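J.: Got a predicted model here, sequence first, then my questions.
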Amino acid sequence: MNLRKITILLLAILLSLPMAAQKRKRVKAKPKPVPVVEEPQEDPRITNMREMTQQIIFIDSIVVDKNQFLASIRLSSESGKLMTTGTFFHNQLQGMLYLNEMGNKVYFSQPVDTLQQLFTSDKLGNEWSRPQRLNGISEGISEASYPFMLSDGVTFYFAGKGEESIGGYDIFMTRYESRSDSFLKPENIGMPFNSEANDYMYAIDETNRIGYFVSDRRQPEGKVCIYIFIPSETRKTYDNSSFAEEQIRHFADIHSIADTWGDGAERKAALERMSTRYAADGASGQRASAGENTPAVVFHSQEAKSLAQRLLRVQKKLNTVNERLELLRQKYHKANASERRQMKSEILQLEDESLQLTATAKQLDKAARNAEINSKNH
């Protein structure tokens, strides 16, 4: 090989070296792909529920120990009573119980294989019937407790866990169908009553138009918040064209109860209803004794005072009728066929009279409260 060819070969080798280095450099400098981080998506049920948040005026809220919250829910005697299952049946059963205003029917929860389930029992004479599991409420609900029945004997509220809840316990509503002796499929009552926390007891004092529900949202372990609100006969939601998304989110979460007051007029009237205690309701929410002849408080209105005195007379007569009715029912339970035929007509008559007196007492109760409230507003 001559000198010229050797020189050309060396030049070719030297020229190829920088190009190879550049190629290696470009490959090495290639940026690594940035990993895509997917943001967690909210449960669409929660999104839809928030958009349908019900407009509710919250009067007040109080934080209490979870194991003592029943004592802070003050219902009129016409709305029944709330207590624990063990307290009512004098046993160690864990659960919550509602007793109707007549004192002859209970709805309660008790454990079944460690999970709370709902039952009912009726008073027959001086004994309670064998508990019967509520029919129709188990679809999508694995655990149920905290029962409450409106005075119509049809509209039923309870707290349930399962596929139909959005977090822990949610509050559900259903209706009793007498023909099938069963309840319709429960409906989640939505926000602001339900949240991703536990939402428990929902109860309505129909006489005073005051509602209560209990939640552990934003509360430390062992504490719950009792929200006091004005029940609404029709469900009204927030208009998306009038409220920003953040505002509706705050209403749904009950960010501030003061945001629900509006001009404050309805809240003021509700506070008056809560504070007006007379005749049938003492400071503890218990019925006045039948022997009282005067109201338990000083009235501003003579009309209210007169109505309250009439109410006491009606209640005294109602107590007498119910005592006689209870006595006959106890005798009927132990009587033979002939004796039962003799007692049947009187029992039916007393039951009708009791219903009429109860309705009259409710009307007088409402009229007296309104008269007292109106006198304070003028």
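T.: That came through fine. Since we're looking at a predicted model, the values are computed, not measured.
J.: The biggest helix by length in the chain packs against which elements?
T.: Secondary structure assigned by DSSP state H gives helix 337-377 as the longest helix of the chain. Contact here means 3 or more CB pairs under 8 Å, 6 or more residues apart in numbering; DSSP states H and E; on that basis helix 337-377 packs against helix 265-275, helix 302-334. From N, CA and C alone the C-beta is placed, and that goes for glycine too.
J.: hmm, 6 Å instead?
T.: helix 302-334 (3 or more CB pairs under 6 Å, 6 or more residues apart in numbering; DSSP states H and E).
J.: which strands and helices sit next to the helix it packs on?
T.: Contacting helix 302-334 under the criterion 3+ CB pairs under 6 Å, 6+ apart are the following elements: helix 337-377.
J.: Report the inter-axis angle for the helix it packs on versus helix 302-334.
T.: With axes from the mean of the first three to the mean of the last three CA atoms, to 10 degrees applied, the angle from helix 337-377 to helix 302-334 works out at 160 degrees.
J.: Now do helix 337-377, average pLDDT.
T.: Averaging pLDDT along helix 337-377 gives 81.
J.: What helix or strand is His255 located in?
T.: Of the helices and strands defined by DSSP states H and E, none includes His255.
J.: Look up phi and psi at it.
T.: The phi and psi values for His255, taken as degrees, to the nearest 10, are phi -60, psi -40.
J.: Could you pull out the strands in the stretch 51-200 of the chain for me?
T.: Secondary structure of the stretch 51-200 of the chain (DSSP state E, counting those that start in this stretch): strands located at 58-65, 81-84, 96-99, 105-112, 115-124, 127-128, 132-133, 143-149, 155-161, 170-177, 182-183, 187-188, 199-205.
J.: Now these in TSV, please, with extra columns for mean neighbour count, distance to Ala270 and mean pLDDT.
T.: Converted to TSV, those look like this (neighbours: other CB atoms under 10 Å; distance: least, CB to CB, whole Å; pLDDT from 0 to 100):
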stretch	mean neighbour count	distance to Ala270	mean pLDDT
strand 58-65	15	5	93
strand 81-84	17	20	95
strand 96-99	23	23	96
strand 105-112	20	27	96
strand 115-124	18	30	94
strand 127-128	13	36	90
strand 132-133	11	37	95
strand 143-149	24	19	97
strand 155-161	23	20	97
strand 170-177	20	20	96
strand 182-183	16	30	95
strand 187-188	15	26	95
strand 199-205	23	11	95
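J.: surely Pro231 meets Ile204?
T.: Yes: Pro231 is within contact range of Ile204, at 5.3 Å (criterion: CB atoms under 6 Å).
J.: and Lys317, how many neighbours does it have?
T.: Applying other CB atoms under 10 Å, we find 16 residues neighbouring Lys317.
J.: how many other residues sit next to Lys185?
T.: The burial count for Lys185: 14, using other CB under 10 Å.
J.: Which pLDDT does the model give it?
T.: Reported pLDDT for Lys185: 93.
J.: Ramachandran angles for it?
T.: Backbone torsions of Lys185, given as degrees, to the nearest 10, read phi -60, psi 130.
J.: does Pro131 really touch Thr120, like I thought?
T.: No: judged on CB under 6 Å, Pro131 makes no contact with Thr120 at a distance of 7.1 Å.
J.: and Pro220, that one's in a helix?
T.: No: assigned with DSSP: H, G, I helix; E, B strand; the rest coil, Pro220 falls outside any helix and is coil.
J.: Need the per-residue pLDDT for it.
T.: 93.
J.: Equivalent analysis for the one 4 residues further on, please.
T.: The confidence metric pLDDT takes the value 96 at Val224.
J.: and it, what does it touch?
T.: By CB atoms under 6 Å, 6 or more residues apart in numbering, Val224 lies in contact with Lys66, Phe69, Val214, Asp216.
J.: Any of those residues buried? List them.
T.: By neighbour count, with 16 or more other CB atoms under 10 Å, the contacts of Val224 hold Phe69, Val214, Asp216 as buried.
J.: Using CSV, please lay out the residues you listed together with pLDDT and distance to Leu115.
T.: Converted to CSV, those look like this (pLDDT from 0 to 100; distance: CB to CB, whole Å):
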residue, pLDDT, distance to Leu115
Phe69, 92, 21
Val214, 97, 20
Asp216, 95, 19
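J.: With distance to Ala359 as extra columns, can I get those residues in JSON lines?
T.: Formatted as JSON lines, the buried ones among the contacts of Val224 follow (distance: CB to CB, whole Å):
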{"residue": "Phe69", "distance to Ala359": "31"}
{"residue": "Val214", "distance to Ala359": "30"}
{"residue": "Asp216", "distance to Ala359": "38"}
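J.: circling back: may I ask which two of the contacts of Val224 are separated the most?
T.: The most widely separated members of these, counting by CB to CB, are Phe69 and Asp216 (10.1 Å).
J.: Domain ranges for the protein, per the record?
T.: Split into domains by automatic domain parsing, the chain comes to 45-233+241-275, 302-377.
J.: quick one: terminal-to-terminal distance for the longest one?
T.: Read it as domain 45-233+241-275. Counting by CA to CA, to the nearest Å, you get 39 Å between the two ends of domain 45-233+241-275.
J.: could we number from 11 for the rest of this?
T.: Shifting the count to begin at 11 puts that one at domain 55-243+251-285.
J.: chain center to it: distance?
T.: Offset of domain 55-243+251-285 from its chain centre (CA atoms, centre = their mean, to the nearest Å): 2 Å.
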